[in-house]
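Student: Take a look and give me a structure for this.
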Amino acid sequence: MKKIKTILFALFLCAFIILLVISLLLPDRFYQQLSENLFSSNTEKKVEVAGNDKAKRPQASAPQAKTDTSQSKQPKPTSIQPDASIQVVSGFDWRLPSYAQRSDLSGLISETRGAEEYIRADFHMVRWDKTNPQQNQFDFSELESQLRNRSQQQVLLRLETYGKCEAPDWALRQLEVTPRGTIIFWRDSYIKVLKPYVREIAKLVNQYPQIVGVQIGISDGQYRVDCTKFSQKDGWGEFNLKPDELRDAQNQYGLTPEILESSTKRIIDLYADEFGGAASKLVFNNFDQFSWQDIAIPYNAKMSSIANYALSRGIGNRDGQIEHWMRYTNKVYGMQLKLSNNGTCSLDMNEQVAKQYANRYWGTENEEFGDYYWVRDTYGGINNQAHRFFASSLRALQMRRNYMTIHGEAMQKAADPVYKTQDFLRYLDKTLGKQPFDTPDAFVLLGERYVANFRLKEFPEHKQCQSQGGAAIRSYGRWITEESDSKPAMRISLPVDDKRWGQGFYLPRNVDYEYAARSSKQFSFNLNDELTRIRCASGCNVEVKVSYKDDTVSNLWLETPDGASGSLRTTGDNRIKTATFKIRSKFNNETTNQDLLLKSDAAPISAILLRINFLDS
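Tutor: Numbers count the residues shown, from 1 in each chain. Next up, the predicted model:
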């Protein structure tokens, strides 16, 4: 027995030695393959299952209870399901609900013929000398012919009663003018001479209801040398004087800040008294500043009093340069500055002011577009125009401007695959002048823009949101505000060699950029409470259109107090897109002001614009 055990041991020992020799002769690749087969098979199966089931598994994370850290940290399934019905389009999406129509008191206006599909009103400059050639003789036949021939169009008039080149000879013999051609309007003789003409204009407005606005032309009547050449016209009756002409008016003709205020109020009274119940059609052209440089400081200080007096007489307003989209920050325009997150302020519309002036002409001009030398000289090259028109027009909507004058011929040629300018013009046609009870949508434009401190003197809060030498102003919108822990994103350069895109009117010194988006994994939006009470008291069906830069791979979804939407998987291809989520909600989270949340699970998303279409008319 002992001999058998010895033989077996010898055999096992030989076998072991042979295996050891063989193992030493095998290449390393054999052991790598063996190791992968033995230890990686289960892992590969798990990855394969996750990949094959990707379309079925939830792609976004909802808030969950705190997990036990001793357990596996693999993500748990969530209740947010992928939603294949979420539509994604390239660029912006300006579609509105089918019921959206123009308001009675609203529209795009053009002096040049454009696309009548969205041009609601014509603009006419009415020369005093042509329509009142002799004292107490009036001839509006040419204007009336144009009104009758285009009776379907609304009409805005500007009365050219401010400069020597448009004044009739008989009137000039009774008036004084500055060396640069502006009629000295602060003399009592101006009101005496003008009164019969204003009375006839008021009669004309009553005869033709399609006339929706009459701009009061005061001051700013300059021409360069030759009155017969329209190309030399430098003044437009927009209630201002260039510094040199203001100096002449002060030193040679006795103008003072106090006289400016008192005489302008008398002119306002003249128009308001003659127009009576139609005073809401009167348009005071400028509430902003009378002039610039040091000489202007005491005169500009009177503008607020003049503006408020015009408004108290029932007169409307037109601001003239919404192309400089962050220029208009004054309280007289209904602006409010509030502290927000991330060291920024928000510039919001006072809803009480919006209501107060909703039934007046409350317009703006957004004309400086097209490939023209006068546009390039102030606003730079044509390549910036799609973004300029986009940002400035949304600002006009935020300020509740119900009419916007554009260069119809130039805009008819505008086309951009991202901003979709022609679709945007149709959108503006149907959204200007809306109120909470009839608006088809609400929106907020995200980003961060910088405003020089002198533009915000009315608001002490601006000192608490300082950045880049001015105040950092974040998102602005109409009936939606945004407060999120977010960072500015998508820097837009406004280079000096491209005229800073014309934004030097408000930019802090040495700032040549702004941000067109904000980046975060969670955005919080608050809808105006009056709007939600009117439109969503028992729940409303909406389309939430989120425009974003697809700069990361993540899952996006919405949450409201009533639940969550399905999720959308982004692709990270760096293109600007708009996703449409359909949800139903009351949007009534008045406690936290978080009516709507936009969430991203994997990485921050760069959100540009959020717009809500109300599907229930």
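Student: If you rank every helix and strand of the protein by mean pLDDT, what lands last?
Tutor: Ranked by mean pLDDT, DSSP states H and E, the weakest helix or strand in the chain is helix 41-52, scoring a mean of 31.
Student: Listing request: residues of this structure with sub-threshold pLDDT.
Tutor: 1-79, 591 (pLDDT under 70).
Student: Find the residue at the geometric middle of it.
Tutor: L394 (2.4 Å; CA atoms, centre = their mean).
Student: so who does it touch?
Tutor: For L394, the contact set (CB atoms under 8 Å, 6 or more residues apart in numbering) comprises F443, L445, Y476, G477. (Glycine included, C-beta is placed from N, CA and C.)
Student: State the distance from it to R426.
Tutor: Distance of L394 to R426, given as CB to CB, to the nearest Å: 15 Å.
Student: Domains in the protein, by residue range?
Tutor: 87-102+334-359+434-617, 109-314 (automatic domain parsing).
Student: Columns distance to Q81 on top of those domains, output as TSV?
Tutor: Shown next, in TSV, are the domains of the chain (distance: least, CB to CB, whole Å):
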stretch	distance to Q81
domain 87-102+334-359+434-617	5
domain 109-314	40
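Student: in the helix or strand where the residue nearest to the centre of the chain lies, what's buried?
Tutor: Applying DSSP states H and E as the criterion places L394 in helix 385-398. Using 16 or more other CB atoms under 10 Å as the test for burial, helix 385-398 gives 385-386, 388-398.
Student: do the same with stretch 103-112
Tutor: S103, L105, S106, G107, L108, I109, S110, E111, T112.
Student: Same question for stretch 538-547.
Tutor: C540, V542, E543, V544, K545, V546, S547.
Student: Check stretch 146-156 too.
Tutor: Applying 16+ other CB under 10 Å to stretch 146-156 flags L147, Q153, Q154, V155, L156 as buried.
Student: From the opening residue of that stretch to its closing one, how far?
Tutor: 12 Å (CA to CA, to the nearest Å).
Student: can you check stretch 212-225 too?
Tutor: 34 Å.
Student: tally of neighbours for Y373?
Tutor: When counting by other CB atoms under 10 Å, one arrives at 7 neighbours for Y373.
Student: how about the strands in the stretch 351-500 of the chain?
Tutor: 362-365, 403-406, 441-445, 449-452, 466-467, 470-473, 476-478, 480-482, 487-493 (DSSP state E, counting those that start in this stretch).
Student: can those strands go into CSV with extra columns for distance to G213 and mean neighbour count?
Tutor: As requested, the strands of the stretch 351-500 of the chain are exported to CSV (distance: least, CB to CB, whole Å; neighbours: other CB atoms under 10 Å):
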stretch, distance to G213, mean neighbour count
strand 362-365, 7, 26
strand 403-406, 7, 26
strand 441-445, 25, 24
strand 449-452, 29, 23
strand 466-467, 39, 16
strand 470-473, 30, 24
strand 476-478, 22, 25
strand 480-482, 29, 23
strand 487-493, 33, 17
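Student: Now tabulate those strands in a markdown table and tack on distance to A517.
Tutor: Formatted as a markdown table, the strands of the stretch 351-500 of the chain follow (distance: least, CB to CB, whole Å):
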| stretch | distance to A517 |
| --- | --- |
| strand 362-365 | 25 |
| strand 403-406 | 24 |
| strand 441-445 | 9 |
| strand 449-452 | 12 |
| strand 466-467 | 17 |
| strand 470-473 | 14 |
| strand 476-478 | 13 |
| strand 480-482 | 11 |
| strand 487-493 | 4 |
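Student: Would you mind measuring the gap between the ends of stretch 449-460?
Tutor: Termini of stretch 449-460 sit 18 Å apart (CA to CA).
Student: show me the residues around G334 that make contact.
Tutor: Counting by CB under 8 Å, 6+ apart, G334 has contacts M349, N350, V353, A354, Y357, M399, R400.
Student: do that again at 7 Å, thanks
Tutor: For G334, the contacting residues are M349, N350, V353, A354, M399, by CB atoms under 7 Å, 6 or more residues apart in numbering.
Student: ok, Y548 - how many residues close by?
Tutor: For Y548, using other CB under 10 Å, the count is 27.
Student: you'd agree it is in a strand?
Tutor: Yes: counting by DSSP: H, G, I helix; E, B strand; the rest coil, Y548 is part of a strand.
Student: when you give positions from now on, start the count at 15
Tutor: Happy to do that; since the first residue is 15 now, the last one works out to Y562.
Student: partner residues bridging the closest residue in space to it that isn't next to it in sequence?
Tutor: Once flanking residues are discounted, Y562 sits nearest to A621: 5.1 Å by CB to CB, 6 or more residues apart in numbering. Beta-bridge pairing of A621 under DSSP bridges involves R532, Y562.
Student: pretty sure A621 contacts K535?
Tutor: No: using CB atoms under 7 Å, A621 is not in contact with K535; the gap is 10.8 Å.
Student: Give me the more crowded residue out of the two.
Tutor: A621 (28 against 16).
Student: Could I get the contacting residues of that one?
Tutor: Taking CB under 7 Å, 6+ apart as the test, what A621 contacts is L460, A531, R532, F537, V560, Y562, L612.
Student: you'd agree the last one is up against S534?
Tutor: No: checked against CB under 7 Å, the pair L612 and S534 is beyond contact range at 8.5 Å.
Student: And the strands in the stretch 215-364 of the chain, which stretches?
Tutor: 225-230, 296-298, 330-333, 349-353, 359-363.
Student: Redo those strands as TSV? Include mean neighbour count and distance to D287.
Tutor: What follows is these, written out as TSV (neighbours: other CB atoms under 10 Å; distance: least, CB to CB, whole Å):
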stretch	mean neighbour count	distance to D287
strand 225-230	25	13
strand 296-298	26	11
strand 330-333	24	16
strand 349-353	17	30
strand 359-363	22	31
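Student: Could I get these in JSON lines, plus columns for distance to S155?
Tutor: Listed next are the strands of the stretch 215-364 of the chain as JSON lines, based on distance: least, CB to CB, whole Å:
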{"stretch": "strand 225-230", "distance to S155": "16"}
{"stretch": "strand 296-298", "distance to S155": "24"}
{"stretch": "strand 330-333", "distance to S155": "27"}
{"stretch": "strand 349-353", "distance to S155": "43"}
{"stretch": "strand 359-363", "distance to S155": "42"}
